[in-house]
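>>> sequence below, structure please.
(chains A and B)
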2 protein chains.
Amino acid sequence: MYKIKSRIWIETDQGMFLGNGRVQLLKAIDETGSLTKAAKSLKMSYKKAWNLVDSINKNATQEVVQTTTGGKSGGGATVTDYGKTLIQKFDELNEQTIAFLNDKMYELKL
Amino acid sequence: MYKIKSRIWIETDQGMFLGNGRVQLLKAIDETGSLTKAAKSLKMSYKKAWNLVDSINKNATQEVVQTTTGGKSGGGATVTDYGKTLIQKFDELNEQTIAFLNDKMYELKL
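This is a model prediction of the structure:
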């Protein structure tokens, strides 16, 4: 009858670092190799996507997105190995939290 | 460096059932014995508080808030034993989730 829901995110002293929306953006960058294409696929403005990536890179302990500017194609963007680890661990934490809470709710029998 | 944050809430097939805001309202009702006073203490309109309580009661498996209308004092509101259990279990789940995630983040060493 009752379903327990959760949302997780990671902060630094500067505030929001990584949540669902930012992880979606990183995944889209990893798939498209381009910030422009990633933003478009999420119906997000390029400016907003750029600001999010800038915030992620500035607050991460290691670089998360590498961008190459200029060139015929207008530059590309790639998620670093560290960035891929962050995505993977975030997804795992999310799934573990969901499983943890479902178990707890089942025990409670509210 | 990174801090993991979480938010939990309980839904039914009808949507939101119990989250932070609704639990705060239930606690305020329990403390004041009055929906009017509870709403005021949370700077919430009486209409909004009433709607939230109505939604909670309609979707719960047992009554959560009992209201008595009329009388000189304009009626009172009390949280049932079942409602108190819900508040307590929600707070416990929240704390357990925070502890669970802090442990996981510590293990990850991101």
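>>> which residues touch A:I4?
A:101-102, A:104-105, B:8-10, B:93 (C-beta atoms under 8 Å, 6 or more residues apart in numbering or on different chains). To be clear about C-beta, it is placed using only N, CA and C from the backbone, and glycine gets the same treatment.
>>> likewise for A:L26?
Here A:L26 is in contact with A:56, A:64-65, A:79, A:83, A:86-87 (criterion: C-beta under 8 Å, 6+ apart).
>>> which of those fall in helices?
A:56, A:83, A:86-87 (DSSP state H).
>>> out of those residues, who's the most crowded?
Compared across the ones in helices among the contacts of A:L26, A:L86 has the highest neighbour count, 26 neighbours, by other C-beta atoms under 10 Å in any protein chain shown.
>>> these two touch, right, that one and A:L18?
Yes. Counting by C-beta atoms under 8 Å, A:L18 is a contact partner of A:L86 at 6.4 Å.
>>> for the helix or strand of chain A with the lowest mean pLDDT, what is the distance to the chain centroid?
For chain A, counting by mean pLDDT, DSSP states H and E, strand A:65-68 ranks last in confidence among helices and strands (a mean of 91). For strand A:65-68, the separation from the chain centroid amounts to 15 Å (computed by C-alpha atoms, centre = their mean, to the nearest Å).
>>> distance check, the residue nearest to the spatial centre of chain A against B:R22.
Against the mean C-alpha coordinate of chain A, by C-alpha atoms, centre = their mean, the closest residue is A:V23 at 1.3 Å. The spacing between A:V23 and B:R22, counted by C-beta to C-beta, to the nearest Å, is 28 Å.
>>> ok, back up a step: out of the ones in helices among the contacts of A:L26, who's near chain B?
Residues of the ones in helices among the contacts of A:L26 in contact with chain B (C-beta under 8 Å from any C-beta of the partner chain): A:L86.
>>> reformat the ones in helices among the contacts of A:L26 into TSV and put pLDDT next to each item.
Formatted as TSV, the ones in helices among the contacts of A:L26 follow (pLDDT from 0 to 100):
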residue	pLDDT
A:I56	97
A:G83	98
A:L86	97
A:I87	98
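>>> enumerate the residues of chain A near chain B.
Within chain A, the positions lying close to chain B (C-beta under 8 Å from any C-beta) are A:1-12, A:17, A:61, A:85-86, A:89, A:93, A:96-97, A:100-101, A:104-105, A:108, A:110.
>>> buried only: go through those residues for me.
Listed as buried from these are A:2, A:4, A:6, A:8-10, A:12, A:17, A:86, A:89, A:93, A:97, A:100-101, A:104-105, A:110; burial here means 16 or more other C-beta atoms under 10 Å in any protein chain shown.
>>> helix, strand or coil for A:K58?
In three-state terms, and counting by DSSP: H, G, I helix; E, B strand; the rest coil, A:K58 is helix.
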